[in-house]
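A.B. asks: The sequence and its predicted three-dimensional model are supplied below.
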Amino acid sequence: MSDPVIALRAVKKSYQDVPILDIDRLELPAGIYWLQGENGAGKTTCMKVMAGLIPFKGEILLNGNVSSREHPVQFRRLINYAEAEPLYPSFLTGRDLLELYLHTKGGNREEIGDIGGRLGVDIFVNNPVSSYSSGMLKKLSLLLAFTGNPALILLDEPLITIDTRALTVLYDLIRTYSAKGVSFCITSHQPLDAEELTVTGTLKVAHKNITLN
Ligand SMILES: Nc1ncnc2c1ncn2[C@@H]1O[C@H](COP(=O)(O)OP(=O)(O)OP(=O)(O)O)[C@@H](O)[C@H]1O
């Protein structure tokens with residue numbers, strides 16, 4: 001059997017000594033996962049931990065052997081994260097950020113250009129992000145999440161604020177990338193459209209733990 005795309009081992013996360021996550025073991029085979037939980041349950045914290053963006057105790061393995069502890073650079077190259085409410089330095093343009101991501105994460109420039117066009121990011125990509133609406137920021141963050149060659153893409157509340165045309169494009173992108181072997185973990189308080197996406201499983205965050213159904 002193939003290695004899980006992500007495996008959490010004894011992962012603990014606290015903020016100022018307040019425990020938020022305490023996950024003994026979680027292994028996810030490749031697929032598309034819907035991460036559920038009440039407000040404040042720890043979904044965003046879990047994504048930031050998985051993405052290696054905030055300190056935590058324990059270890060996470062990607063593709064069976066890339067360790068958050070031992071191979072932090074390789075680890076971050078294999079996982080992309082789009083925030084629920086993205087914030088970028090206001091003086092940068094979307095193009096600056098895109099170039100930075102393509103430079104650091106790599107990936108197919110032509111493909112990213114095509115996705116930018118489909119999401120409608122190309123229209124405003126040369127403007128400073130300070131001029132973006134919340135939906136424009138969201139579209140940019142989603143585009144950035146598809147740069148590089150990730151094994152796993154974490155999308156935090158991707159359905160909110162984007163228009164219906166972009167939503168259709170996003171569902172199509174998730175299906176296409178999933179067919180190419182990329183896994184997804186998606187938080188959404190709204191149900192994911194079952195006609196657009198077949199999820200592999202649902203993950204529930206509650207009582208500091210995550211369970212897979
Ligand atoms: N930087 C921080 N400092 C202290 N506490 C934090 C911090 N970020 C989050 N928390 C706390 O951690 C808990 C989990 O927050 P988190 O944002 O992960 O929840 P969530 O499941 O994503 O919630 P929501 O559905 O409302 O977005 C909450 O109790 C929150 O108050």
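C.D. replies: Looks like it came in fine. Numbers count the residues shown, from 1 in each chain.
A.B. asks: How about the residues of this structure by the ligand?
C.D. replies: By the rule CB under 6 Å from any ligand atom, the part of the chain lying against the ligand is 15, 20, 37, 39-45. Quick note: C-beta positions are derived from backbone N, CA and C, even for glycine.
A.B. asks: Next one, pLDDT for the residue positioned nearest the centre of the chain please.
C.D. replies: Nearest residue to the geometric centre of the chain (CA atoms, centre = their mean): residue 154, 1.8 Å. We have a pLDDT of 98 for residue 154.
A.B. asks: The helix or strand containing residue 155 pairs with which strands, parallel or anti?
C.D. replies: Counting by DSSP states H and E, the element that carries residue 155 is strand 152-156. Partner strands and pairing direction for strand 152-156 (DSSP bridges) are strand 79-82 (parallel), strand 183-187 (parallel).
A.B. asks: Quick one: those as CSV, columns for mean neighbour count too.
C.D. replies: Shown next, in CSV, are the strands paired with strand 152-156 (neighbours: other CB atoms under 10 Å):
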stretch, mean neighbour count
strand 79-82, 24
strand 183-187, 25
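A.B. asks: In TSV: those, plus distance to residue 24 and mean pLDDT.
C.D. replies: Formatted as TSV, these follow (distance: least, CB to CB, whole Å; pLDDT from 0 to 100):
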stretch	distance to residue 24	mean pLDDT
strand 79-82	21	98
strand 183-187	19	98
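A.B. asks: got a markdown table for those strands, with distance to residue 60 too?
C.D. replies: Shown next, in a markdown table, are the strands paired with strand 152-156 (distance: least, CB to CB, whole Å):
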| stretch | distance to residue 60 |
| --- | --- |
| strand 79-82 | 9 |
| strand 183-187 | 12 |
